[in-house]
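> this one's structure only:
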């Protein structure tokens with residue numbers, strides 16, 4: 001068995017548990033501009049920074065982790081991915097061989113709107 005193989009798990013978080021409550025313990029991004037204002041959060045970049053490889057397979061978001069990623073971090077990544085599922089699908093829906101879109105690119109072309117600190121799909 002090759003230790004370099006990634007552990008594959010399907011994103012299977014029930015809809016009711018996927019809702020993020022205000023103040024809940026979720027993954028936080030490191031993107032901040034100026035005097036404490038938060039900028040656009042890129043969910044794909046946040047998940048990758050936590051050791052997840054994110055892919056869109058058969059219309060489903062799949063997270064793959066190295067074996068060294070702790071279980072509690074995996075669970076938080078699943079909840080975070082479920083919360084941003086629609087945005088992640090927009091980011092990952094690219095032809096094979098191309099890099100995923102960033103949130104800034106999606107906002108720039110109008111596929112995603114940024115209103116009152118939230119992402120809105122038009």
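Ah, there it is. Keep in mind it's a predicted model, so treat the numbers as computed, not measured. Residues are numbered from 1 along each chain as shown.
> where does pLDDT dip in this protein?
Across the chain, the ranges flagged by pLDDT under 70 are 1-38.
> which residues of it fall in strands?
Taking DSSP state E, the strands of the chain run over residues 7-10, 32-33, 37-38, 52-57, 60-65, 113-115, 118-120.
> quick one: strands adjacent to the fifth one?
In other words, strand 60-65. strand 7-10 (antiparallel), strand 52-57 (antiparallel) (DSSP bridges).
> where along the chain do the helices fall?
15-18, 43-49, 71-83, 85-92, 103-109 (DSSP state H).
> okay, those in JSON lines with distance to residue 122 and mean neighbour count next?
Bear in mind the C-beta positions are built from the backbone N, C-alpha and C, glycine included. Output for the helices of the chain, formatted as JSON lines (distance: least, CB to CB, whole Å; neighbours: other CB atoms under 10 Å):
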{"stretch": "helix 15-18", "distance to residue 122": "22", "mean neighbour count": "10"}
{"stretch": "helix 43-49", "distance to residue 122": "18", "mean neighbour count": "17"}
{"stretch": "helix 71-83", "distance to residue 122": "19", "mean neighbour count": "17"}
{"stretch": "helix 85-92", "distance to residue 122": "11", "mean neighbour count": "18"}
{"stretch": "helix 103-109", "distance to residue 122": "11", "mean neighbour count": "14"}
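> for these, give me a markdown table that also has distance to residue 57.
Formatted as a markdown table, those follow (distance: least, CB to CB, whole Å):
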| stretch | distance to residue 57 |
| --- | --- |
| helix 15-18 | 19 |
| helix 43-49 | 15 |
| helix 71-83 | 13 |
| helix 85-92 | 9 |
| helix 103-109 | 20 |
